[in-house]
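Engineer: compute the structure for the input listed below.
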Amino acid sequence: MNPLVKTLSLKETTIYNFPYTFLTRRNEPIIIQPIDDKTLAQLMDMYLQSVPRNSFDGLPPIRDDRCRNWVLDMDDRGINLVALSIKKGVVGHAALFPISEKVSEMLLVVSPHFQNLGIGTQLTRCIIQLANELCLERIWLYGEMKDQNAKHVYKKCGFEYLSPHYIEEVEMVFDLKSYQKTMNVKVGQIMNKNVVTLNRNRTCLEALDLFIRHNFGALPVIDEDNRVIGILSETDLVVETNLNLRVGDILTMEVVTVQENSNIEKLIRLFQSMRLRCIPVVNGESRLVGIVGRKDILSYYYLKFRLGLDFKDAGEKPH
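Structural biologist: Numbers count the residues shown, from 1 in each chain. Coordinates of the predicted model:
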């Protein structure tokens, strides 16, 4: 049995229970999920048919039989995520292979026809999140990296060089202990509690006044019990005829919300995958208690890294 799975409860991780979906730069939906029997066969096809043989550190093996055995070995001894295209099947692969109880080596491969679309970045972020939930302390990378884009992806996602980055053989590491301290901050610590809201019966002209005067990008729409029933964005008001309507006529009812006790790791993933500007924050009873945007995360980073403070150290979040 895979040693990481045996000791660290893979089935309890977020991505195991909720596969991650995002849009590529070509607006094609991609699903990132743990490997299963069906996607293992598709992964095999990707390595046999799409990925050039002997393209990194002598891998994939040139002979078909050895290539198949190599893929089966990865499935057996590693934790594997695949990027799944609805039309093309598996188009990307990320894996963790245990070096010790708290350290794993990482592999990342994206099919050539699907490179430079953001898939490698999203796979890397998913594998980091997975490693964090599995309580690992370090992710290690080593090998020939002639592709500057690959180096850029790793650096962008938080890996640091242990060897000079200008040589072809690169050694990099991701420090999960430092990552965990930041990602375990609760949404409630960084959100804005003073939320401007809309009622569905307000006119869109009234909403327009709020957007212009306060430079809002989106506003939550609530009912009489302070529960979020929709969201109105500035894009909804771009069409002039909409200004003659009420908020309830044009609001978006499929609202992404986040719990106040969720970690900001989840919040960051939502911003990255769904291209949202702000997210309403709700309590355990689904009532609105705040709102959080990308700038709130940046404000937290500013306090932490530039001023040496944390929101809990500073008393409360600055507005």
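
Engineer: go ahead and confirm residue 154 touches residue 172.
Structural biologist: Yes: taking contacts as CB atoms under 8 Å, residue 154 lies within contact range of residue 172: 5.6 Å. All C-beta spots, glycine's among them, are computed from the backbone N, C-alpha and C.

Engineer: and for the two, which residues touch both?
Structural biologist: residue 141 (CB atoms under 8 Å, 6 or more residues apart in numbering).

Engineer: in the chain, which spans are helices?
Structural biologist: Counting by DSSP state H, the chain has helices at residues 3-8, 14-17, 37-45, 64-77, 119-133, 148-156, 176-183, 187-190, 204-214, 247-250, 264-274, 294-301, 311-314.

Engineer: format these as JSON lines; extra columns: mean neighbour count, mean pLDDT and distance to residue 221.
Structural biologist: As requested, the helices of the chain are exported to JSON lines (neighbours: other CB atoms under 10 Å; pLDDT from 0 to 100; distance: least, CB to CB, whole Å):
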{"stretch": "helix 3-8", "mean neighbour count": "15", "mean pLDDT": "48", "distance to residue 221": "41"}
{"stretch": "helix 14-17", "mean neighbour count": "15", "mean pLDDT": "85", "distance to residue 221": "28"}
{"stretch": "helix 37-45", "mean neighbour count": "16", "mean pLDDT": "96", "distance to residue 221": "39"}
{"stretch": "helix 64-77", "mean neighbour count": "15", "mean pLDDT": "96", "distance to residue 221": "47"}
{"stretch": "helix 119-133", "mean neighbour count": "23", "mean pLDDT": "93", "distance to residue 221": "30"}
{"stretch": "helix 148-156", "mean neighbour count": "16", "mean pLDDT": "86", "distance to residue 221": "35"}
{"stretch": "helix 176-183", "mean neighbour count": "15", "mean pLDDT": "79", "distance to residue 221": "30"}
{"stretch": "helix 187-190", "mean neighbour count": "20", "mean pLDDT": "92", "distance to residue 221": "20"}
{"stretch": "helix 204-214", "mean neighbour count": "15", "mean pLDDT": "93", "distance to residue 221": "9"}
{"stretch": "helix 247-250", "mean neighbour count": "17", "mean pLDDT": "96", "distance to residue 221": "6"}
{"stretch": "helix 264-274", "mean neighbour count": "18", "mean pLDDT": "80", "distance to residue 221": "18"}
{"stretch": "helix 294-301", "mean neighbour count": "16", "mean pLDDT": "87", "distance to residue 221": "21"}
{"stretch": "helix 311-314", "mean neighbour count": "13", "mean pLDDT": "48", "distance to residue 221": "28"}
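
Engineer: got CSV for those, with distance to residue 108 too?
Structural biologist: CSV is the format used below for these (distance: least, CB to CB, whole Å):
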stretch, distance to residue 108
helix 3-8, 17
helix 14-17, 15
helix 37-45, 13
helix 64-77, 12
helix 119-133, 6
helix 148-156, 7
helix 176-183, 17
helix 187-190, 29
helix 204-214, 41
helix 247-250, 42
helix 264-274, 17
helix 294-301, 25
helix 311-314, 34
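
Engineer: select, out of the ones you listed, the one closest to residue 97.
Structural biologist: Among these, helix 64-77 comes nearest to residue 97, with 6.3 Å by CB to CB.

Engineer: helices or strands up against that closest one?
Structural biologist: Other helices and strands packing on helix 64-77, by 3 or more CB pairs under 8 Å, 6 or more residues apart in numbering; DSSP states H and E, are helix 37-45, strand 89-98.

Engineer: how is this protein divided into domains?
Structural biologist: Using automatic domain parsing, the domain ranges for the chain come out as 3-183, 187-314.
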